[in-house]
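A.B. asks: sequence plus predicted model, see below.
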Amino acid sequence: MGESTVSRLLTQFNSTPLHLAAGYNRVGLVELLLSKGADVHAKDKGGLVPLHNACSFGHVEVVKLLLKAGAGVNEEDLWKFTPLHEAISKGRMAVWFAAFLPFRDFFRCRNGDFSVEMKIPPSMWLSLGRREKELAPDQLVCTKIEVALLLMLHGADYFRKNASGKSPIELAPNEAFRKQLLNDFYGCRIYDAAANCDVSALRNLLTERDANFIHPFKMEYPLHAVARAKHLQRAVIAEMLINKGCPLDRYNNKSMTPLHLAVQNGLLDVARVLLKAWAAVDKLTSDGRTILHIAAANGDIEMCE
């Protein structure tokens, strides 16, 4: 992006350097601008803030930086589009549609299965940047889910209407995507309720849902979170999750099962709940240790017994 391009965009659209850096996914430049006091709330000619730009193109790392700097997740442009509207539609819609052109109508994505019924002309590719062309379709879709979920977890209103009376969820390209997004959102709330040992919140969340959910960012199940909890209600929470189908013996991204973590953290009450539910005692950690190895290394005689 040359100096003349920057000058033209700054004057024509009233964009700030942060708008441009966010839209072009210049992570290092975004960090620099923020460190120098760039305004995350500055609006361009259309009322867009830098977060709108980053969300339009699914730039996950830039979105994280802007949110950390205090960007408003429910800021509206002149058409009352919030960043969440942008993440689910508009710019990322072009990426979503174009991603399917050279591939089959159905593929597997990390967060779920998606199907496409519409045909988009090859000219749609012209709207894509170089980086998007190089990504596989599952990366594009998962990136889109990640950005939307990030916003929702930071308080974005997924039912707020734009000027056309459409909520972000209503702008989802298909029903499968909408369901997956809401499933991940409520799953993260289940994870947080478990981690905080909030019995009331967890009971409400599990009324119509199961607990078989892996956190898309932390890459572990709610039982892993409980196995670190310091709250006295943790054993009750563990039982609730097990009764609602949370897997007992799955590894997290550090090759630890919930039982490994409970033993490592000396949580005898949680370990008893897991063992009562027949959690596997012979699972190995990445360095080849069993739960007995971990308890012995900690000098935890009661746990060993």
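C.D. replies: Everything's here; your move.

A.B. asks: which residues of the stretch 1-150 of the chain score low on pLDDT?
C.D. replies: Low-confidence regions of the stretch 1-150 of the chain, defined by pLDDT under 70, span residues 1-11, 90-144.

A.B. asks: please redo it, this time with the cut-off set to 50
C.D. replies: Low-confidence segments of the stretch 1-150 of the chain, defined by pLDDT under 50: 91-139.

A.B. asks: all strands of the stretch 1-150 of the chain, in order?
C.D. replies: For the stretch 1-150 of the chain, applying DSSP state E, counting those that start in this stretch gives strands covering 106-109, 112-115.

A.B. asks: do I have it right that H19 meets P50?
C.D. replies: Yes: with contact defined as Cβ atoms under 8 Å, H19 and P50 form a contacting pair (5.0 Å). For glycine as for every other residue, the C-beta is placed from the backbone atoms N, C-alpha and C.

A.B. asks: pull up the overlap in contacts between those two.
C.D. replies: A42 (Cβ atoms under 8 Å, 6 or more residues apart in numbering).

A.B. asks: so for these two, which sits in the more crowded spot?
C.D. replies: P50 (34 against 24; other Cβ atoms under 10 Å).

A.B. asks: now the more buried one: how far from N212?
C.D. replies: P50 is 37 Å from N212, where distance means Cβ to Cβ, to the nearest Å.

A.B. asks: OK, contacts around the closest residue in space to H41 that isn't next to it in sequence?
C.D. replies: Nearest residue to H41 in three dimensions, chain neighbours excluded: V49, at 6.0 Å (Cβ to Cβ, 6 or more residues apart in numbering). For V49, the contacting residues are 19, 40-43, 71-72, 75, 83, by Cβ under 8 Å, 6+ apart.

A.B. asks: N174 - how many residues pack around it?
C.D. replies: As a burial measure, the neighbour count of N174 was computed by other Cβ under 10 Å and equals 14.

A.B. asks: likewise the one 10 residues further on?
C.D. replies: Other residues near D184 number 23, with proximity taken as other Cβ under 10 Å.

A.B. asks: confirm it sits in a helix?
C.D. replies: Yes: D184 sits within a helix when classified using DSSP: H, G, I helix; E, B strand; the rest coil.

A.B. asks: that one against I145, yeah?
C.D. replies: Yes: the pair D184 / I145 is scored as a contact, 6.7 Å apart, by Cβ under 8 Å.

A.B. asks: centre of the chain to stretch 178-188, how far?
C.D. replies: On the basis of Cα atoms, centre = their mean, to the nearest Å, the separation between the geometric centre of stretch 178-188 and that of its chain is 10 Å.

A.B. asks: re earlier: any idea which of the contacts of V49 is closest to V199?
C.D. replies: The shortest distance between V199 and any of these, using Cβ to Cβ, involves G72 and amounts to 32.4 Å.

A.B. asks: ok, the residue nearest to that closest one when sequence neighbours are not counted to L48 distance?
C.D. replies: The shortest distance from G72 to any residue other than its chain neighbours is 6.5 Å, reached at H41 (Cβ to Cβ, 6+ apart). Separation of H41 from L48 (Cβ to Cβ) stands at 11 Å.

A.B. asks: so which of these two has more stuff around it?
C.D. replies: Between H41 and L48, counted using other Cβ under 10 Å, L48 has the larger neighbour count: 27 against 12.

A.B. asks: quick one, what contacts the more buried one?
C.D. replies: 19, 77.

A.B. asks: how much space between the closest residue to W79 other than its chain neighbours and E75?
C.D. replies: With Cβ to Cβ, 6+ apart as the measure, A163 is the residue that lies nearest to W79, at 4.7 Å, once sequence neighbours are left out. A163 sits 14 Å away from E75, taking Cβ to Cβ as the criterion.

A.B. asks: of these two, who's got more company?
C.D. replies: For A163 and E75, the more surrounded residue by other Cβ under 10 Å is E75, and the numbers stand at 18 against 11.

A.B. asks: find the nearest non-adjacent residue to that one, please.
C.D. replies: Closest residue to E75 apart from its sequence neighbours, by Cβ to Cβ, 6+ apart: V49 at 4.8 Å.

A.B. asks: give the buried residues for stretch 228-247.
C.D. replies: Taking 16 or more other Cβ atoms under 10 Å as the basis for neighbour counts, the residues of stretch 228-247 that come out buried are 229, 234-242, 244, 246-247.

A.B. asks: keep only those of the residues you listed that are in helices.
C.D. replies: Per DSSP state H, helices hold the following members of those: 234-242.
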